[in-house]
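**Q** Next one to model:
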Amino acid sequence: MSAGRQLTYLSSVGVAVQNLDYMGAKYTCFAVTGSSSGTFAYQIEGTLDDISLSSAGTSSAAAQFWFALSSGVHTTNSSLNLFQGPLAAVRVNSSAQSSAVLTLRSLQGIGW
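**A** Modelled structure (predicted):
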């Protein structure tokens, strides 16, 4: 069993990346919650690229190919989402955040 991961994002606008175990994972569940105070807008994105490696020789998440795991921009808490396959990383891409805290939680199923 894989342990759950939590990433809390306090900044106003930008990206928060969560590295995952793509080598042993069968699926990835994730959800984003926002604090009850303030406003926020975000998208959830994933990558199959190892964020610790890149062809450019940098570990920057910007060097990876990211794709949307959610449709459109969210302004409320997300429901539990399931990606049926391994992901190397998942990120919250915040386009607006005012006096709110976003928290990304993920859990991976591992094994054969």
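**Q** Which residue ranges of this protein form strands?
**A** Secondary structure of the chain (DSSP state E): strands at 5-9, 14-19, 25-34, 39-47, 67-68, 81-83, 89-98, 102-110.
**Q** okay, those in TSV with distance to Leu53 and mean pLDDT next?
**A** The way it works is simple: take the backbone N, C-alpha and C, and place the C-beta from them, glycine included. Output for the strands of the chain, formatted as TSV (distance: least, CB to CB, whole Å; pLDDT from 0 to 100):
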stretch	distance to Leu53	mean pLDDT
strand 5-9	20	66
strand 14-19	11	76
strand 25-34	17	84
strand 39-47	12	87
strand 67-68	18	90
strand 81-83	21	86
strand 89-98	11	83
strand 102-110	19	83
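**Q** Can you say which of the ones you listed is nearest to His74?
**A** Closest approach to His74 among the strands of the chain (CB to CB): strand 39-47, 5.6 Å.
**Q** same for that closest one, what does it pack against?
**A** Judged by 3 or more CB pairs under 8 Å, 6 or more residues apart in numbering; DSSP states H and E, the packing partners of strand 39-47 are strand 25-34, strand 67-68, strand 89-98, strand 102-110.
**Q** hmm, try it at 7 Å
**A** Applying 3 or more CB pairs under 7 Å, 6 or more residues apart in numbering; DSSP states H and E, we find strand 39-47 packed against strand 25-34, strand 67-68, strand 89-98.
**Q** mind exporting that strand as CSV, just the C-alpha atoms?
**A** Output of strand 39-47 as CSV, limited to C-alpha atoms (Å, rounded to 0.1, in the frame of the first residue of the first chain):
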residue,chain,number,x,y,z
THR,A,39,-11.7,32.6,-3.3
PHE,A,40,-9.7,30.4,-5.7
ALA,A,41,-9.5,29.1,-9.3
TYR,A,42,-7.4,26.2,-10.3
GLN,A,43,-6.8,23.3,-12.8
ILE,A,44,-5.4,19.8,-11.9
GLU,A,45,-2.7,18.6,-14.3
GLY,A,46,-0.6,15.4,-14.5
THR,A,47,2.5,14.2,-16.2
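**Q** Thanks a lot, see you next time.
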